[in-house]
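**Q** Here you go, sequence then predicted model.
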Amino acid sequence: MPPRWPRKPDRKDPAYRKLDDRMNFAVHVAIFAACNSGLWFFHNFLKATWEWLPWVTAGWSVILLAHLIYIAAIANYSEIPPKST
């Protein structure tokens, strides 16, 4: 069951932005796990010689790590000041 938000979701809400970024990261991890486990399964099952597969896994892992570093350390979830007109 998806998490319930007590008010209308809005990217201006810092708590909602933080939750949204973490859910996007979880989706990213799930897609990474599903794709890479499938690729490695068929690599082993077919006894294939896919020299590119470790590079794809390593590259995607680096991107995933960068995503984690961004949401954990870099992202600013403070209140967004109103724009002046």
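**A** It's in.
**Q** Just the element for the spatially most central residue of the chain, please.
**A** Taking C-alpha atoms, centre = their mean as the criterion, Phe25 is the residue nearest the geometric centre of the chain, at 2.5 Å. Here Phe25, judged by DSSP states H and E, is contained in helix 14-45.
**Q** in stretch 22-39, what's buried?
**A** Neighbour-count burial for stretch 22-39, counted by 16 or more other C-beta atoms under 10 Å, picks out 25, 28, 32, 39. Heads up, the C-betas are built off the backbone N, CA and C, glycines and all.
**Q** I figured the first one hits Ala66, correct?
**A** No. Counting by C-beta atoms under 8 Å, Phe25 does not reach Ala66; the two are 10.9 Å apart.
**Q** Now do Ser61, the pLDDT please.
**A** For Ser61, the model assigns a pLDDT of 96.
**Q** Let me see the contact set for it.
**A** Each residue near Ser61 by C-beta atoms under 8 Å, 6 or more residues apart in numbering is listed here: Phe32.
**Q** Next one: it from Arg4, what distance?
**A** Between Ser61 and Arg4 the distance is 33 Å, computed by C-beta to C-beta, to the nearest Å.
**Q** Can you report how many residues neighbour Pro6?
**A** 5 (other C-beta atoms under 10 Å).
**Q** give me the low-pLDDT residue ranges for the chain?
**A** The model of the chain has pLDDT under 70 over residues 1-3, 5, 80-85.
**Q** Look up how far Ser61 lies from Ala72.
**A** Taking C-beta to C-beta, one finds Ala72 at 16 Å from Ser61.
**Q** and what of Asp21?
**A** Distance, Asp21 to Ser61, using C-beta to C-beta: 19 Å.
**Q** same deal with Trp50?
**A** 17 Å.
**Q** try Val29
**A** Taken as C-beta to C-beta, the span from Val29 to Ser61 is 11 Å.
**Q** And Asn36, by the same measure?
**A** Taking C-beta to C-beta, one finds Asn36 at 9 Å from Ser61.
**Q** now swap in Tyr77 and tell me
**A** 25 Å.
**Q** Skipping adjacent residues, who's closest to Trp60 in space?
**A** The shortest distance from Trp60 to any non-neighbouring residue, by C-beta to C-beta, 6 or more residues apart in numbering, is to Phe32 (5.7 Å).
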